[in-house]
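Student: next come a sequence and a model predicted from it.
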Amino acid sequence: MAIALASERPDFELSAIDLCPEALLVAKNNAEAHQLGERIEFQCADLADLPPGPFDLVVSNPPYITSDEWAGLMPEVRDYEPRLALDGGEDGLTAYRKLTRQVDRIMAPGGWLLVEVGVNQAEPVAALFAAAGLTEIHTRCDYAGLPRVVRGRKV
């Protein structure tokens, strides 16, 4: 996502954060291949302890597959992607809880948080956003009409 944002918004200063060093290396190589590596800072960090920011925009595609859904995933997904990148815990919301607990510390006033969500997760994620004090909470649907992105703004 950081590479796409860097490509579309040359005025953005970006940080790409992932827990997996191998994933960061792939992302860094992709950024270099698109001549965007100089504009993106790559950091290895846990979603539970993000750098303090403040960030004007946080965009995340966190793990949201429930632990029970793991075995039923298509083999090309389950056998290719690391479980760490997909497994969102018992209810699929573990990463969203970690992220929303840090809103006050990482977000700049007026900043936006946007996250991709799994099927049937938009409402509970919106509730987590509200509990974290975010406002202007809105859900956006994908081309199939499924709610797949939740956004909120820090006051």
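Tutor: Nice, I can see it.
Student: run through who's touching the helix or strand of the chain with the lowest mean pLDDT.
Tutor: Sorted by mean pLDDT, DSSP states H and E, the helices and strands of the chain end with helix 83-86, the least confident at a mean of 86. The contact list for helix 83-86, computed with CB atoms under 8 Å, 6 or more residues apart in numbering, reads Leu19, Cys20, Ala23, Pro63, Tyr64, Ile65, Trp70, Leu73, Val77. C-beta coordinates here come from the backbone N, C-alpha and C atoms, glycine included.
Student: from the residues you listed, which two are the most distant?
Tutor: Within the contacts of helix 83-86, Leu19 and Leu73 form the most distant pair, 19.8 Å apart (CB to CB).
Student: just the strands from this protein, written as ranges.
Tutor: Along the chain, counting by DSSP state E, strands occupy 14-18, 40-44, 55-60, 107-116, 134-141, 147-154.
Student: ok, for the residue positioned nearest the centre of the chain, nearest residue in space, not its chain neighbours?
Tutor: The residue lying closest to the centre of the chain (CA atoms, centre = their mean) is Ser60, at 1.3 Å. With CB to CB, 6 or more residues apart in numbering as the measure, Val115 is the residue that lies nearest to Ser60, at 4.8 Å, once sequence neighbours are left out.
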